[in-house]
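K.L.:
Next comes the sequence, and after it the predicted model I'd like to discuss.
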Amino acid sequence: MSETTSETHKNKSGATTNGSGGPVPPPPPPSLPNFGNAEESKSPEIEIESHEAVVQKLVKKLCDWGSLGGSAALVISRHVQHIPQIGPKCGIVALNMALSVFLQQPITVDEILNVARERKYTNHGEMFCAENLKKLATHFLPNNEVQSLHSGHLRNQEFIAETLAAGDLLLVPYDSSRNFSPECLKGHKAHWAIITGIIIPISQPSSNPPLPAYKNLPPGPEALQEVKKYLPVSCLHVLALQGKSRHLSAWPLTDLVTSNENLVQIDPEREASDLEYIVPEGGLKQGLCGKALLLKRPN
């Protein structure tokens, strides 16, 4: 097979051209900061929908399924860079997604994992202790307040709605079903998610529009004031991301909390494996059950 060669030179006007006489294309733009795994660069490019389009589809699905709780919705949401999970690193990946919101300088999953291993929080990336994940968050976010939450906080819909509307983030452990939504499996499928926003139902006269009427605001002072107009609500959905799927999800807060409160036992298959995991003395009941983390926005 013959090879084709090309060369560049300047034409009479001084412009640089290739061998065929056409202009030489400009150099590619610099790459964006890469939070997450080095393996991401090996994945084929996927056409990504805009965040606005994704949220609109989620609201439409809730409306079609009759689970929105109203005929319109107020959505408080922000785009958060998804980071894929490789291995049992769901808590570390969820934390890394939060870091991508609050930090300018990229941090990788491996950097977080190395610190966690040095501190004896994990062997393989597993994070079965919310308190240890809190310490990791504090290490990488020295300018953010990181708070431990319990079931009482999570069940308080007004607290959760106002917290997320103001611009804070939540890291919540739960039992993951096959489609990654919350389920109750006694902790056998314990997983971590980052909670990035909310969907609040609003009642209005039915007009059967092609899409449900909704207002989408980024978190901040305006969003917080708007949310307060509609609290309390009968049904609050939270927007969630987790490492095993790049798709944003909308879950009823009550489903997430119920799943969080059933984390009482590590998966027997995991316990019987040859891999050694770091688990608190009291198991998942001590480490994860009824626990979550609140990552406050910087002052």
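P.N.:
Cool, the structure landed. It should be emphasised that the depicted structure is a prediction, and the values quoted were computed from it without experimental measurement. Numbers count the residues shown, from 1 in each chain.
K.L.:
In terms of helices and strands, where is Thr122?
P.N.:
Using DSSP states H and E, Thr122 falls within no helix or strand.
K.L.:
thought it was touching Ile278?
P.N.:
Yes. At 5.6 Å, Thr122 counts as touching Ile278 under the criterion of CB atoms under 8 Å. (C-beta placed from N, C-alpha, C; glycine too.)
K.L.:
And the two? Which one has more around it.
P.N.:
More crowded of Thr122 and Ile278, by other CB atoms under 10 Å: Thr122, with 24 against 17.
K.L.:
Next one, pLDDT for that one please.
P.N.:
We note a pLDDT of 97 for Thr122 in this prediction.
K.L.:
Just the strands from the stretch 1-150 of the chain, written as ranges.
P.N.:
9-10, 16-17, 72-76, 146-150 (DSSP state E, counting those that start in this stretch).
K.L.:
Now these in CSV, please, with extra columns for distance to Glu226, mean neighbour count and mean pLDDT.
P.N.:
Output for the strands of the stretch 1-150 of the chain, formatted as CSV (distance: least, CB to CB, whole Å; neighbours: other CB atoms under 10 Å; pLDDT from 0 to 100):
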stretch, distance to Glu226, mean neighbour count, mean pLDDT
strand 9-10, 59, 10, 46
strand 16-17, 54, 12, 49
strand 72-76, 6, 23, 93
strand 146-150, 24, 17, 98
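K.L.:
Please convert these to a markdown table, extending it with distance to Gln157.
P.N.:
Converted to a markdown table, those look like this (distance: least, CB to CB, whole Å):
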| stretch | distance to Gln157 |
| --- | --- |
| strand 9-10 | 68 |
| strand 16-17 | 62 |
| strand 72-76 | 13 |
| strand 146-150 | 14 |
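K.L.:
can you give me the helices for the stretch 1-150 of the chain?
P.N.:
Assigned by DSSP state H, counting those that start in this stretch, the stretch 1-150 of the chain shows helices spanning 51-64, 90-102, 109-118, 130-140.
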